[in-house]
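with the sequence up front, the predicted model follows.
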Amino acid sequence: MKKIIGVLLVLFCVLTIQAQNDVELKLTLRDGNIVSGTSKMASISLSTAYGKLEIPIKNVTALDLGITSDKATNDKVMNLIKQLSNSNEQMRKTAFDELVKMDIKAIPAISDFIYSSKYEPSTYTDYTADGALSDLQSKHNVESTVSDKDVVSIDYEYSMGGAYEFAKIDLKTEYGTLNIPKEKIKHIDVMYSGDSGSGDMTFKLLATKHISSNTAGGWLKTGIMLKQGQKFSINASGEIAFASLSGSKYKPDGSISGSTTAPISEYEGEYNAGSSYPAYGNVVYKLGESSTAPLKAGAKFNGAAASTGMLYISIYETVYNASNTGSYTVKISLK
């Protein structure tokens, strides 16, 4: 009996550890489809020009996937492009058709060769390398500006380019587990759920950008998914200066540095820091990207999510001015 209990305890621990390793991902595919689910990915391996990075998934904000080639593809592309200069029209057509039939890795291979010193444009204009590149980009729904490097965003502050070492993503969805090849993926958003044990997370709100009235990226997407009724806390510190308010310096609780006056709310007559209405300089939050009503957090907030959705945070001001200065450090804890 003791052995059975021991085995069950070990099994429970293993399952608990596996559950904690699950991370929620939203994949934007190159064909425009969006797929969401969970993965057991614990970290991201990124090979860079400066060495290999092993980045814990809890520190990853998003992944942008470029298109990389390989030696075999490069060699085949080079050979086929040279055949586009052949005097025999049928051979040129055959080479062109072979180029257009290649997979997505041929795109950077063709582009790199066209812009290399080895490339000599054909005197024939019926079947060209540029035409093959354009057809391939259209076939695989790839923009002409696509990068040949993968880019990882870390802690909403840093970005690093290189090459991811995974070949596919195993994504558990409500329709079953999908095995999605890397080359089919354009972008990955990494999201965190309160059930995944992600713990405390720290963000930086920039007064030059993260202002609630800034319609171009004013709300910082935390990547934290909250469920209705789930408890969480927000603690903020720092100081900012609003160019829109004569350079006055504010703190997360809405107070003005050097002033003894209580924080002033947007609503005339509201001077109480305990008001549910946000004051200028307050840290505010909302649940879901489409939500329009900023909710006051201030310097210290403990509460529960009124609905289920992604947590966004910002600094409250009704006028956005890019000349603002300073920042707030915001710590979010899930309970």
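That came through fine. Numbers count the residues shown, from 1 in each chain.

how's this structure carved up into domains?
Under the assignment automatic domain parsing, the domains of the chain span 24-66+149-190, 71-139, 198-334.

okay if I get those domains as CSV plus mean pLDDT?
Shown next, in CSV, are the domains of the chain (pLDDT from 0 to 100):
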stretch, mean pLDDT
domain 24-66+149-190, 89
domain 71-139, 93
domain 198-334, 85
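
how about a markdown table for those domains, with mean neighbour count added?
Any C-beta I mention is one placed from the backbone N, CA and C, and that applies to glycine too. A markdown table is the format used below for those (neighbours: other C-beta atoms under 10 Å):
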| stretch | mean neighbour count |
| --- | --- |
| domain 24-66+149-190 | 16 |
| domain 71-139 | 16 |
| domain 198-334 | 18 |
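
next up, the contacts around residue 33.
Neighbouring residues of residue 33 by C-beta atoms under 8 Å, 6 or more residues apart in numbering: there are none.

the spatially most central residue of the chain: helix or strand, and which one exactly?
By C-alpha atoms, centre = their mean, the chain has its centre lying nearest to residue 62, at 2.6 Å. Assigning secondary structure by DSSP states H and E places residue 62 in strand 60-64.

immediately after that strand, which helix or strand?
Following strand 60-64 in sequence order, the next helix or strand is helix 71-83 (DSSP H and E).

next, the angle from the next helix or strand after that following helix to helix 71-83.
Helices and strands here follow DSSP H and E; after helix 71-83, the next one along the chain is helix 89-101. Counting by axes from the mean of the first three to the mean of the last three C-alpha atoms, to 10 degrees, helix 89-101 points 150 degrees away from the direction of helix 71-83.

pairing partners for the top strand by length along the chain, with directions?
Secondary structure of the chain read by DSSP state E shows that its longest strand is strand 231-242. Taking DSSP bridges as the criterion, strand 231-242 pairs within the sheet with strand 248-250 (antiparallel), strand 300-304 (antiparallel), strand 325-334 (antiparallel).

let's have those strands in a markdown table, adding distance to residue 282.
What follows is the strands paired with strand 231-242, written out as a markdown table (distance: least, C-beta to C-beta, whole Å):
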| stretch | distance to residue 282 |
| --- | --- |
| strand 248-250 | 8 |
| strand 300-304 | 10 |
| strand 325-334 | 10 |
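
those strands: which one's closest to residue 172?
Minimum separation from residue 172 across the strands paired with strand 231-242 (C-beta to C-beta) falls at strand 325-334, 21.5 Å.

out of the strands paired with strand 231-242, flag the one nearest residue 121.
With respect to residue 121, and counting by C-beta to C-beta, the nearest of the strands paired with strand 231-242 is strand 325-334 at 50.9 Å.

which other residues reach that closest one?
Contacts of strand 325-334 (C-beta under 8 Å, 6+ apart): 194, 198-208, 222, 224, 226, 230-241, 243, 249, 252, 283, 311, 313, 315.

from the chain's centre, how far out does that strand sit?
Distance of strand 325-334 from its chain centroid, counting by C-alpha atoms, centre = their mean, to the nearest Å, is 19 Å.

can you check stretch 77-96 too?
41 Å.

likewise for stretch 279-290?
Taking C-alpha atoms, centre = their mean, one finds the center of stretch 279-290 at 20 Å from the center of the full chain.

stretch 110-127 too?
In terms of C-alpha atoms, centre = their mean, the centre of stretch 110-127 is set 35 Å apart from its chain centre.

from now on call the first residue 256
Sure, I'll start counting at 256 from here, so that last one is stretch 365-382.

ends of it, what's the gap?
Stretch 365-382 has an end-to-end distance of 14 Å (C-alpha to C-alpha, to the nearest Å).

also stretch 468-485?
This stretch, stretch 468-485, spans 27 Å end to end (C-alpha to C-alpha).

please consider this matter closed, and thank you.
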